[in-house]
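Q: Prediction below, plus the sequence it came from.
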Amino acid sequence: MSENRKKRILSGMRPTGKMHLGNYVGALENWVKLQNEYENLHLIADYHVLTTKLDTKEILTNTMEMLIDWLAVGIDPVKSPVFRQSKIKEHSELHLIFSMLVTTARLERNPTLKEQVKDLNIDSLIYGHLGYPVLQAADILIYKGEIVPVGEDQAPHVEITREIARKFNTTYDEVFPIPKTKLTNFARLPGLDRNKMSKSLGNTILISDNSEDIRKKMMKAITDPEKIRRNDPGRPEVCLVNTYHKKFNENKIEEINSGCKSGELGCVDCKKMCATAISEQLAPFTEKRQYYSDNRDEVMDILLDGEKRAAKIAKSTMEQVRKAMSLG
Ligand code: TRP
């Protein structure tokens with residue numbers, strides 16, 4: 001291995017359709033930034049999505065919509081292959097082997113699992129929920145991912161991945177790197193109602209929204225509940241719109257805060273400013289988004305090409321795994 005070899009990043013997301021600002025700020029923006037410094041692989045976790053919805057009819061459409069947004073924001077598929085988990089059979093094979101290397105007690109302690117159970121409002125788990133991080137470990141390690149850029153909620157899964165990698169390496173042979181989490185700076189951008197940004201909660205701004213959509217949505221955002229009249233002094237630290245300003249209006253944040261606190265800046269004007277800043281930052285993506293949206297065959301070709309490249313790596317790792325385990 002040469003000294004200046006680029007480290008490999010494995011990033012992934014479940015295909016949830018059109019991407020929202022939370023996806024952008026929490027993940028995509030970072031993926032694009034890391035593209036040159038690292039060797040990146042971008043996984044579409046279309047098996048993992050079954051843990052939230054068994055109906056599979058929308059998976060392909062959601063995959064395409066998600067991928068169009070990835071491409072629109074600047075993921076370069078020539079540099080960084082994009083591919084579906086379900087198309088690379090080695091994920092399932094490695095998942096099965098890994099399922100022998102981790103205890104159920106360890107998986108039951110996974111805090112993300114507890115959160116998911118709460119979000120889904122279910123009282124009984126399926127086997128796939130428990131095994132979720134084991135499949136994720138296979139996703140990462142089949143490509144020998146060294147760095148995994150994720151939000152805070154996914155860090156426990158990378159921890160389980162590290163444990164599985166160590167267990168494999170000590171039981172059989174040193175096949176896997178021990179991957180590291182790379183937390184995104186802005187790990188979570190809340191939705192317009194302060195809850196987690198999620199399409200099912202109807203509190204999102206989409207990357208594909210136009211400036212009018214954004215303005216309208218922003219008008220509904222929650223501000224400081226005690227700032228009732230325009231000139232009332234506000235508290236930026238409790239205002240949701242302010243959280244968005246911090247990200248999208250970084251340069252003007254002091255001016256905005258002092259205007260809010262003194263009562264000079266009313267919520268409507270503040271929201272308009274915020275909507276404009278968001279629109280301006282999304283504007284460069286519009287043209288590309290339109291292009292790919294009109295040329296879906298090309299998007300499919302990109303995916304197929306990515307899958308070919310990913311499969312090569314996955315096959316080679318699986319051969320090493322089988323050899324290490326004397327499976328012939
Ligand atoms: N669990 C991740 C999420 O919900 C998606 C995912 C699946 C993933 N496999 C991965 C992320 C591998 C990083 C690496 O966001």
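A: Done, it's in. These numbers were taken from a predicted model, which means no experiment stands behind them. Residues are numbered from 1 along each chain as shown.
Q: what sits against residue 137?
A: Listed by C-beta atoms under 8 Å, 6 or more residues apart in numbering, the contact set of residue 137 reads 95, 98, 157, 160-161, 164-165. Any C-beta I mention is one placed from the backbone N, CA and C, and that applies to glycine too.
Q: Residue 188 too?
A: Residue 188 touches 22, 26, 151-152, 196, counting by C-beta under 8 Å, 6+ apart.
Q: Can you tell me how far it is from residue 36?
A: According to C-beta to C-beta, to the nearest Å, residue 188 and residue 36 sit 26 Å apart.
Q: And residue 64, by the same measure?
A: Taken as C-beta to C-beta, the span from residue 64 to residue 36 is 26 Å.
Q: More neighbours: these two, which one.
A: Each of residue 64 and residue 36 has its neighbours counted (other C-beta atoms under 10 Å); residue 64 has more, 18 against 10.
Q: Return the per-residue confidence for the more buried one.
A: The score at residue 64 is 98. That number is its pLDDT.
Q: right, quick check: the helix or strand where it lies against the ligand, any contact?
A: For residue 64, the host element (DSSP states H and E) is helix 59-73. No: using C-beta under 6 Å from any ligand atom, helix 59-73 stays clear of the ligand, coming no nearer than 11.7 Å.
Q: helices and strands around that helix, which ones?
A: strand 39-44, strand 82-84, helix 267-294, helix 296-324 (3 or more C-beta pairs under 8 Å, 6 or more residues apart in numbering; DSSP states H and E).
Q: what residue ranges in the stretch 1-150 of the chain score low on pLDDT?
A: 1-3 (pLDDT under 70).
Q: Could you tell me which residues of it lie near the ligand?
A: Near the ligand, when you scan the stretch 1-150 of the chain using C-beta under 6 Å from any ligand atom, you find 10-14, 43, 45, 48, 136, 139-140, 148, 150.
Q: if we can go back for a sec, in the contacts of residue 188, find the pair that's most separated.
A: Greatest spatial distance in the contacts of residue 188: 22 and 152, 12.7 Å, computed using C-beta to C-beta.
Q: So the two - more neighbours on which side?
A: residue 22 (22 against 13).
Q: Surely that one is in a helix?
A: Yes: assessed with DSSP: H, G, I helix; E, B strand; the rest coil, residue 22 lies in a helix.
Q: pretty sure it is touching residue 204, no?
A: Yes: in this structure, residue 22 is within contact of residue 204 by C-beta atoms under 8 Å, at 7.0 Å.
Q: Among the contacts of residue 188, which one sits closest to the ligand?
A: Closest approach between the contacts of residue 188 and the ligand, by C-beta to the nearest ligand atom: residue 151, at 7.2 Å.
Q: mind listing the strands in the stretch 1-150 of the chain by residue range?
A: 8-13, 39-44, 82-84, 147-150 (DSSP state E, counting those that start in this stretch).
Q: Domain map for the protein?
A: 8-189+295-324, 209-288 (automatic domain parsing).
Q: Those: which one's closest to residue 200?
A: Per C-beta to C-beta, nearest to residue 200 of those: domain 8-189+295-324, 9.1 Å.
Q: how about the strands of the stretch 1-150 of the chain in a markdown table, adding mean neighbour count?
A: Converted to a markdown table, these look like this (neighbours: other C-beta atoms under 10 Å):
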| stretch | mean neighbour count |
| --- | --- |
| strand 8-13 | 22 |
| strand 39-44 | 24 |
| strand 82-84 | 24 |
| strand 147-150 | 22 |
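Q: Of these, which is nearest residue 103?
A: Closest among the strands of the stretch 1-150 of the chain, once you apply C-beta to C-beta, is strand 147-150, at 22.1 Å.
Q: how about that closest one as CSV, C-alpha atoms only?
A: What follows is strand 147-150, C-alpha atoms only, in CSV (Å, rounded to 0.1, in the frame of the first residue of the first chain):
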residue,chain,number,x,y,z
ILE,A,147,-14.0,6.6,7.3
VAL,A,148,-17.7,6.9,7.7
PRO,A,149,-19.2,10.4,7.6
VAL,A,150,-22.5,10.2,9.5
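Q: That concludes my questions; thank you for your assistance.
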